[in-house]
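Q: the sequence and its predicted three-dimensional model are supplied below.
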Amino acid sequence: MNNEPDLHSEDSPEQPGSLSRRSALKRAAGAGIIMSSLASGSALASISCQKYSNWMSGKLNSGSPGRPDTFTCALGRSPGFWKNSVKANGSCSTALNNNFSGMCDAVKAVYNASFSTVFAGGSSQTFGHILKNEGQNFGSGINVDRAFCAAYFNTRFFSGYPLTTADLTVLFSKIGTPGFDGEDIKDYLESTYEAG
């Protein structure tokens, strides 16, 4: 699923070098993504359970939250929940087993995987290591990578979670580009999971 405008395609085969109306609009929309900023949309905390595509659409409209979403979503679990899901002895926590019956091995596989296998250019530390080291900067900002870890677990194990793995990888790749401040992205991700 690609929610970004295609800035390089021509919709009309008319003349080489000429822009079709739709292509020109796509380019303008792309410029809107680059020029908008998360800081201008200070209501990020109020858009929990907003679909990623709607959030991106809101960014095109000067940071407004966009149209209301008409779907039911599930808020995911926090970094603290996922941090404690796998014990030091390799077993899964009671909370994990009670909430995600039969998923222990799948959770452990993600927990022990390198963050960079999912998020290109990210830390080579494991998801579990990043989750356990709150307050550390792994390259994206303090606790930014922890928020991505929790969101990734949520995309994998929650039906109805408002983000997909593809949404997360695109969002991670945007950190540091104009309009995509890591701290604001962290705040948005935190709005998609339950506290605790």
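A: Yep, that arrived.
Q: okay, now the unreliable bits of the protein?
A: For the chain, applying pLDDT under 70 flags the ranges 1-73, 195-196.
Q: swap in 90 and give it another go.
A: 1-75, 158-164, 167, 177-185, 187-196 (pLDDT under 90).
Q: in it, which spans are strands?
A: Assigned by DSSP state E, the chain shows no strands.
Q: which residues of it fall in helices?
A: 21-35, 52-60, 79-83, 94-99, 104-111, 127-132, 144-157, 165-174, 182-190 (DSSP state H).
Q: for those, which one sits closest to F119?
A: helix 165-174 (4.6 Å; C-beta to C-beta). Where C-beta positions appear, they are placed from N, C-alpha and C, glycine not excepted.
Q: send me the closest one as PDB with only the CA atoms.
A: Taking Å, rounded to 0.1, in the frame of the first residue of the first chain, the C-alpha atoms of helix 165-174 are listed here in PDB:
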ATOM      1  CA  THR A 165       4.000  -2.400   8.600                       C
ATOM      2  CA  ALA A 166       4.300  -0.500   5.300                       C
ATOM      3  CA  ASP A 167       3.000   2.700   7.000                       C
ATOM      4  CA  LEU A 168       5.600   2.300   9.700                       C
ATOM      5  CA  THR A 169       8.500   1.800   7.300                       C
ATOM      6  CA  VAL A 170       7.500   4.800   5.200                       C
ATOM      7  CA  LEU A 171       7.100   6.900   8.400                       C
ATOM      8  CA  PHE A 172      10.500   5.800   9.700                       C
ATOM      9  CA  SER A 173      12.200   6.600   6.400                       C
ATOM     10  CA  LYS A 174      10.800  10.200   6.600                       C
END
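Q: tell me the buried residues in that helix?
A: D167, L168, T169, V170, L171, F172, K174 (16 or more other C-beta atoms under 10 Å).
Q: quick check, nearest of those to L96?
A: Using C-beta to C-beta, the buried residues of helix 165-174 come closest to L96 at L168, 20.8 Å.
Q: quick one: the closest one and I175, what's the gap?
A: Distance of L168 to I175, given as C-beta to C-beta, to the nearest Å: 11 Å.
Q: nearest to G80 among the buried residues of helix 165-174?
A: Proximity of the buried residues of helix 165-174 to G80 (C-beta to C-beta) peaks at L168, which lies at 19.0 Å.
Q: next one: the closest one from G90, what distance?
A: Counting by C-beta to C-beta, the gap from L168 to G90 is 26 Å.
Q: what of G141?
A: 30 Å.
Q: who has more neighbours, the two?
A: G141 (17 against 10; other C-beta atoms under 10 Å).
Q: which non-adjacent residue is nearest the more buried one?
A: Among residues not flanking G141 along the chain, G182 sits closest, at 3.7 Å (C-beta to C-beta, 6 or more residues apart in numbering).
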